[in-house]
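> Fold the following, please.
(one chain, ligands or ions: 1)
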Amino acid sequence: MSDELKGKRALVTGASRGIGRAIAVDLAAKGAMVYCLSTREGGCDEAVAACKEAGGLASALGADVSDGAQVAAIAETVLADGALDILVNNAGITRDGLFMRMSEEDFDSVIATNLKGSFLLCRAFARSMAKAGSARIVNISSVVGVIGNPGQANYSASKAGLIGLSKSLAKEFGGRGMTVNVVAPGFIETDMTADLSEKMRSETTANITLGRLGKPEDISAVVTFLCSPSGAYITGQVLVVDGGLSL
Ligand code: NAD
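This is a model prediction of the structure:
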């Protein structure tokens, strides 16, 4: 454990498992106090225990990030204890399907969680984060938000939207010392990708320059770097962390 984030207060959405859990544990291991948020109350209890085991402080929150009232209530709880320094918008869902068969509901639900959810969290915390003077926002997009993917028009649109949101916020809040960046993972082994067929996995792996699928820790290391003092002069950027998949 290092203490480069000692005294910092962080909120990670979608922290119950996968990439979000790894980010929460990594931030906690660097000394941050981490609020771990997922859809349901108690959903992050195990992640909180892992953060504490890593030597940090953590607390679990339950809310649907696409619901403005629930996000406002979360912000009230978190800000009652002090300002927030680090916000990682990681919660995300997929509702894949070929475009001609994609329902309006599947389009709306993916945009609501992946894009509107990040907007709501940023809006709820931006004022207090701007006051902090050196706050960090990291939004988790996807390589498909940069290059597109058949069967993921809704998901790719939501992840591309996050890039526009982040660059605009980077410009709006840069004068207040806040950095806003995007991390765009490639194919990472989590529950989200667990259902893919063996055929799909081996075809994807064959297209990855580094010859392997990614691990949640490959992403959390980059997010933690952006939140650390070493990342202070990086803003408005999209860091693609995909082992060379998009090359
Ligand atoms: P996951 O499905 O394992 O975990 C998703 C997390 O988001 C869970 O904690 C879940 O509770 C939470 N969540 C979902 N909807 C929510 C809502 N409405 N409100 C609050 N929390 C909600 O996913 P993962 O693979 O760990 O992916 C994390 C992020 O990384 C997502 O944004 C995903 O789009 C992105 N990503 C993943 C991959 C990959 O290959 N796994 C690749 C690129 C980008």
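> Next up, the contacts around the spatially most central residue of the chain.
Central residue of the chain (CA atoms, centre = their mean): residue 90, 2.2 Å from the mean position. Applying CB atoms under 8 Å, 6 or more residues apart in numbering, we find residue 90 in contact with 12-15, 19-20, 23, 140. Quick note: C-beta positions are derived from backbone N, CA and C, even for glycine.
> try 10 Å this time
12-15, 18-24, 37-38, 65, 117-118, 138-140, 183, 185, 219-220, 223 (CB atoms under 10 Å, 6 or more residues apart in numbering).
> Filter the residues you listed down to the ones in helices?
In helices, judged by DSSP state H, the following of the contacts of residue 90 are found: 18-24, 117-118, 219-220, 223.
> Which strands or helices does the lengthiest helix in the chain pack on?
Longest helix in the chain, counting residues (DSSP H): helix 153-173. Counting contacts by 3 or more CB pairs under 10 Å, 6 or more residues apart in numbering; DSSP states H and E, helix 153-173 is packed against strand 86-89, helix 104-111, helix 117-132, strand 136-140, helix 144-147, strand 179-185, strand 238-241.
> average pLDDT across it?
Averaged over helix 153-173, pLDDT sits at 98.
> what bits of the chain have low per-residue confidence?
Across the chain, the ranges flagged by pLDDT under 70 are 1.
> Contact distance from the ligand - what residues of it qualify?
13-14, 16-20, 38-39, 43, 64-66, 90-93, 113, 117, 140, 142, 185, 187-188, 190-193 (CB under 6 Å from any ligand atom).
> Among those, which lie within strands?
Counting by DSSP state E, the residues of the chain next to the ligand place 13, 38, 140, 185 in strands.
> Noted, bye for now.
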